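Q: structure, please.
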Amino acid sequence: MKSEETAPSRASVPEMDALIGRKFSVLDDGFVRVVDYMGSDASIVQAARVSYGAGTKHVSQDRALIRYLMRHSHTSPFEMCEIKLHIRAPMDVWRQWVRHRTASINEYSTRYSVAIDSIHETEPGEWRMQSRNNRQGSSGFFPLEEGEALTREERQFHEEARKLYESRIDRGMAREQARKDLPLATYTEAYWKCDLHNLLRFLALRMDEHAQQEIREYASVIGRLIVAKWTPFVWEAFCDYTLESIKLSRHEITLLGMIARGDNKDALHYAEKNGLITTGEDGIRKTGGEMNEFTAKLAQMGLLSPWND
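A: Just a heads-up that it's a prediction; the model follows:
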């Protein structure tokens, strides 16, 4: 008589169990709280080796398999893990957050409840200036004295906006209409459930240096303080192959090979031939955004570009 297979037990990660219910503070009054999780590094390995039983491989082989899956973008095994978080974030941050649609979300409703009486305040030294070469980014900070004035103005505006909102509520106005003039800095809360594959995609975009600073702080907490303890092999592979890696285009690979061989003149000719570098009527060479990005990658690798004389 054939014996029945023993059903695998629920994955448990002691380091993660210790985080259940714990709030990680973000910004001045935001937080990330772990509500629940499902799966572990072992769950990913189990899904990838569906034809094997438990205990047939060594831990070192589990790590190697996860690294292989990450390296070759075999993503479905990572979807076997899920996490549910309780988030409190300013509405302007939350607007960016919900662009990641591959998650289940239930947000605090200001139609049914009075808006949370908490607003994200910017410290005097945190006021950033608009970048001149990046429409959706910032570059540098306002002088502290000017920042102090900006913070005072912000605080005054927030106080007046809250008074207006509360006066509307007191007069019996419908909450769905009374809320319409609340600042985007008002905090909201939500439960956010996401599988590990899509969570890593969120972290790759929102931990990037080009992401807005405020959402980067949330992503950093989730990645470095939560995911790193939940699935340490996955986190290690993610850092190695995504977060701290460099992506090279076809042109960049060709140029890198030329530079490594010392063929700087050929590299310059190749860049000009493919429109990565242009020469104006004044004879001055100009590099576009793509070439500037490649130059930054070379600097990251400790190499000098041949077109920066």
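
Q: contacts and neighbour counts: CA atoms only from here.
A: Fine.

Q: for the chain, what spans make up the helices?
A: With DSSP state H applied, the chain shows helices at 14-17, 41-48, 59-71, 91-97, 144-170, 175-178, 196-206, 213-220, 228-230, 232-238, 250-260, 264-273, 289-300, listed in chain order.

Q: what packs against the first one?
A: Meaning helix 14-17. Helix 14-17 sits against helix 228-230, with contacts defined as 3 or more CA pairs under 8 Å, 6 or more residues apart in numbering; DSSP states H and E.

Q: so for the helix it packs on, what's the average pLDDT?
A: Averaged across helix 228-230, the pLDDT comes to 98.

Q: so how far is Met207 from the spatially closest residue to Ala190 that is not a sequence neighbour?
A: Nearest residue to Ala190, sequence neighbours excluded (CA to CA, 6 or more residues apart in numbering): Glu107, at 4.0 Å. Shown here: Glu107 relative to Met207, a distance of 23 Å by CA to CA, to the nearest Å.

Q: more neighbours: the two, which one.
A: Ranked by neighbour count (other CA atoms under 10 Å), Glu107 and Met207 place Met207 first, with 22 against 14.

Q: can you give me the neighbour number for Ala11?
A: When neighbours are counted by other CA under 10 Å, Ala11 comes out with 14.

Q: again, but for Pro90
A: 24.

Q: Phe233 now?
A: Phe233: 22 neighbours (other CA under 10 Å).

Q: spatially, what comes nearest to it if we skip its sequence neighbours?
A: Arg63 (5.8 Å).

Q: and that neighbour, how far from Ile44?
A: According to CA to CA, Arg63 stands 10 Å off from Ile44.

Q: mind checking which of those two has more residues around it?
A: Ile44 (25 against 19).

Q: hmm, Thr75 and the more buried one touching each other?
A: No - counting by CA atoms under 8 Å, Ile44 does not reach Thr75; the two are 9.8 Å apart.

Q: number of residues surrounding Leu255?
A: A count of nearby residues for Leu255, using other CA under 10 Å, gives 21.

Q: with the one 4 residues further on instead?
A: Residues lying near Ile259 (other CA under 10 Å) number 20.

Q: same question, Tyr37
A: 21.

Q: spatially nearest residue to it (excluding sequence neighbours)?
A: Excluding the flanking residues, the one nearest Tyr37 by CA to CA, 6+ apart is Ile83, at 4.2 Å.

Q: distance of that neighbour relative to Leu19?
A: In this view, Ile83 and Leu19 are 12 Å apart by CA to CA.

Q: same question, Gly275
A: Note on Gly275: its distance to Leu19, by CA to CA, is 52 Å.

Q: equivalent analysis for Arg175, please.
A: Distance, Arg175 to Leu19, using CA to CA: 35 Å.

Q: where does the stretch 201-309 of the chain have low pLDDT?
A: 308-309 (pLDDT under 70).

Q: residue contacts, the residue nearest to Tyr37?
A: Taking CA atoms under 8 Å, 6 or more residues apart in numbering, we find Ile83 in contact with 34-38, 193-196.

Q: ok, 6 Å please
A: Applying CA atoms under 6 Å, 6 or more residues apart in numbering, we find Ile83 in contact with 36-37, 193-194.

Q: residues of stretch 10-18 that come out buried?
A: Neighbour-count burial for stretch 10-18 flags 13, 16 (criterion: 16 or more other CA atoms under 10 Å).

Q: re earlier: for Gly275 and Leu19, indicate the residue with more neighbours.
A: Neighbour count, other CA under 10 Å: between Gly275 and Leu19, Leu19 has more, with 18 against 13.

Q: any idea how many residues pack against the nearest residue in space to Arg111 that is not next to it in sequence?
A: Distance criterion CA to CA, 6+ apart; nearest residue to Arg111, sequence neighbours excluded, is Glu176 at 4.4 Å. For Glu176, the tally of surrounding residues (other CA under 10 Å) stands at 13.

Q: check the gap between Glu176 and Arg168 for me.
A: Distance of Glu176 to Arg168, computed by CA to CA: 11 Å.

Q: what does Ala11 give?
A: Per CA to CA, Ala11 is found 50 Å from Arg168.

Q: and for Ala42?
A: To Arg168, Ala42 is 54 Å away according to CA to CA.

Q: same drill for the two, tell me which one is more crowded.
A: Comparing Ala42 with Arg168 by other CA under 10 Å, the one with more neighbours is Ala42, at 20 against 16.

Q: check contacts around that one.
A: Taking CA under 6 Å, 6+ apart, one finds nothing in contact with Ala42.

Q: brilliant, that's me finished.
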